[in-house]
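# Output the structure for:
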Amino acid sequence: MSFLAPIAMPAPLTARALEAIRCDILAARLAPGETLSEAATAARLGLGKAPVRAALARLGEEGLVQAVPRRGWVVSLVTIRDIHEVFDLRLLLEPEAARRAALNPLARADAAALAQLDAVCAAGYRPEAAETALGFLEANRAFHVAVAGLSGNARLARQVGRLLDESTRMLVLGLRRRDRSGEMAHEHRALIAALAAGDAPAAEARMQAQVSASRDMVLAALTAPDAAISVS
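Reported below is the predicted structural model:
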């Protein structure tokens, strides 16, 4: 007998509303600080108010929106503290994941795994896959999670995935002001070469440099005097 309670899955209409609103927030089509009306959102999505209300409640649990008395829901701000906390954790976990991946004999010897990494990396830079910053960052997330997976620690890979989810909106806003996608492509290829060579120090350093550069891009973009969004 299992003592674990089943995980409640959202109803189909709620799931549809959840996915649509989440994508709009992550892609910054709904800007930080923007007010969301249940009625207006339901009309825009062609759904009833009940699934939209349930979806907003779920997004509130994820920290993407906040309930505000007499205003409904507001898209959560991106704060300087958020940026530092998310990227600090990425800098703690991802370079170590890359180092372990390079030391993993199975990963080094598995040409298919390295080819898969290369394919995931390349997918982010095809014009049809990079039409939006969000599409590009989905491929970037897959690449980073794949590297963490090669560390041999599934929990580490899951944590990296969660951090990439949290940093998506930050990176979307940053890429709008400075396109770093070409640099990221070069960094990915250099990291793959270090992994294939089993060069743990190089893999660690490449990952450290890439995450640091992305953090610096986000901070520079979102704290610029003419930044068009609210950042606390």
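# and residue 87, how many residues sit next to it?
Residue 87 is flanked by 22 other residues according to other CB atoms under 10 Å. C-beta here means a position set from N, CA and C on the backbone, and glycine is covered the same way.
# need the contact list for it.
By CB atoms under 8 Å, 6 or more residues apart in numbering, the residues touching residue 87 are 167, 211, 212, 214, 215, 218.
# how about a cut-off of 7 Å?
Residue 87 makes contact with 167, 211, 215, according to CB atoms under 7 Å, 6 or more residues apart in numbering.
# Out of these, which sit inside helices?
Within these, residues falling in helices by DSSP state H are 167, 211, 215.
# Adding distance to residue 185, write those out as a markdown table.
A markdown table is the format used below for these (distance: CB to CB, whole Å):
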| residue | distance to residue 185 |
| --- | --- |
| 167 | 18 |
| 211 | 15 |
| 215 | 18 |
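# How is the protein partitioned into domains?
12-75, 80-222 (automatic domain parsing).
# which helices and strands sit right next to the strand or helix carrying residue 66?
Per DSSP states H and E, residue 66 falls inside strand 65-68. Judged by 3 or more CB pairs under 7 Å, 6 or more residues apart in numbering; DSSP states H and E, strand 65-68 is in contact with helix 49-62, strand 72-75.
# So for that strand, what gets flagged as buried?
Judged by neighbour count (16 or more other CB atoms under 10 Å), strand 65-68 contains these buried residues: residue 65.
# got the contact list for it?
36, 56, 59, 60, 73, 74, 75, 76.
# chain center to it: distance?
How far strand 65-68 lies from its chain's middle: 21 Å, per CA atoms, centre = their mean, to the nearest Å.
# for the record, mean pLDDT for it?
On average, the pLDDT along strand 65-68 is 91.
# host element of the residue nearest to residue 165 when sequence neighbours are not counted?
Using CB to CB, 6 or more residues apart in numbering and skipping residues adjacent in sequence, the residue nearest residue 165 is residue 141, 7.4 Å away. Counting by DSSP H and E, the element that carries residue 141 is helix 133-149.
# other SSEs contacting that helix?
Using 3+ CB pairs under 7 Å, 6+ apart, helix 133-149 sits against helix 80-103, helix 111-123, helix 154-177, helix 181-197.
# any weak-confidence spans in this protein?
Scanning the chain for pLDDT under 70 picks out the ranges 1-10, 123-132, 226-232.
# try it again with 50
1-3, 5, 7, 127, 130 (pLDDT under 50).
# Can you tell me what sits against the host helix or strand of residue 202?
Using DSSP H and E, residue 202 sits within helix 200-222. Contact with helix 200-222 is made by 78, 83, 87, 90-91, 94-95, 98-99, 101-103, 170-171, 173-174, 177-178, 180, 183-184, 187, 190-191, 194-195, 227, 229, 231, as judged by CB under 7 Å, 6+ apart.
# same check, this time on stretch 151-170
25-26, 28, 78, 83, 86-87, 89-90, 93-94, 97, 100-101, 104, 137, 141, 144-145, 148-149, 218.
# Residue 47: neighbour count?
17.
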